[in-house]
Every structure is written in C-alpha cells, then in structure tokens.
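> next comes the sequence, and after it the predicted model I'd like to discuss.
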Amino acid sequence: MPNLYDNTPLELEEIVDHCRALSYAIVSLDNPQAKDLLGYILCERLEVLYQTLEMPFSDDDVVAIEVTETLTH
C-alpha cells in the first residue's frame, strides 16, 4: 500500500495559507466542536510556523533573498 502521508516539509507560504484557512473556518462555522478542533489544529500550525521562522538561514538563503529583493525594486 502506498504511503498516504506526504512528509515533504512545507514552505513558509503553505504554512501561512493553512493558518489563514483555519482562521477563516473557525470564524465562519457555527458548530462549537468543529471550532474547538480547528482551533487545536491552528495552534499546531502556528507552532510549525514559529519553528520555521526560527530556523537559521544559510548563506545561500541570504543571497537568494537579496537577489529577489533587487529584482522587485
């Protein structure tokens, strides 16, 4: 049986999208049990976001950011 779970690390934008979608769902839903469950998942996603932002950058990452900023200006 193939692996149904993708272990590929999420990119920062994907984690932010998860958090936004969960926040929207929590605000939009009327079911308190669903809101509670989604709130728990949101807390987990926020922890992943925090850990991702705290990861140290390598020299290659800094160069890529500088090139991107130069191209956008």
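Perfect, thanks for sending it.
> which residues of the chain score low on pLDDT?
Residues of the chain meeting the criterion pLDDT under 70: 1, 57-73.
> now the helices for it?
In the chain, the helices defined using DSSP state H lie at 12-28, 32-53, 59-72.
> what would these look like in JSON lines with distance to Pro2 and mean neighbour count?
(Each C-beta comes from the backbone N, C-alpha and C, glycine too.) Below are the helices of the chain laid out as JSON lines (distance: least, Cβ to Cβ, whole Å; neighbours: other Cβ atoms under 10 Å):
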{"stretch": "helix 12-28", "distance to Pro2": "22", "mean neighbour count": "14"}
{"stretch": "helix 32-53", "distance to Pro2": "25", "mean neighbour count": "13"}
{"stretch": "helix 59-72", "distance to Pro2": "33", "mean neighbour count": "9"}
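> can you list these in JSON lines and add distance to Leu4?
What follows is these, written out as JSON lines (distance: least, Cβ to Cβ, whole Å):
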{"stretch": "helix 12-28", "distance to Leu4": "18"}
{"stretch": "helix 32-53", "distance to Leu4": "18"}
{"stretch": "helix 59-72", "distance to Leu4": "31"}
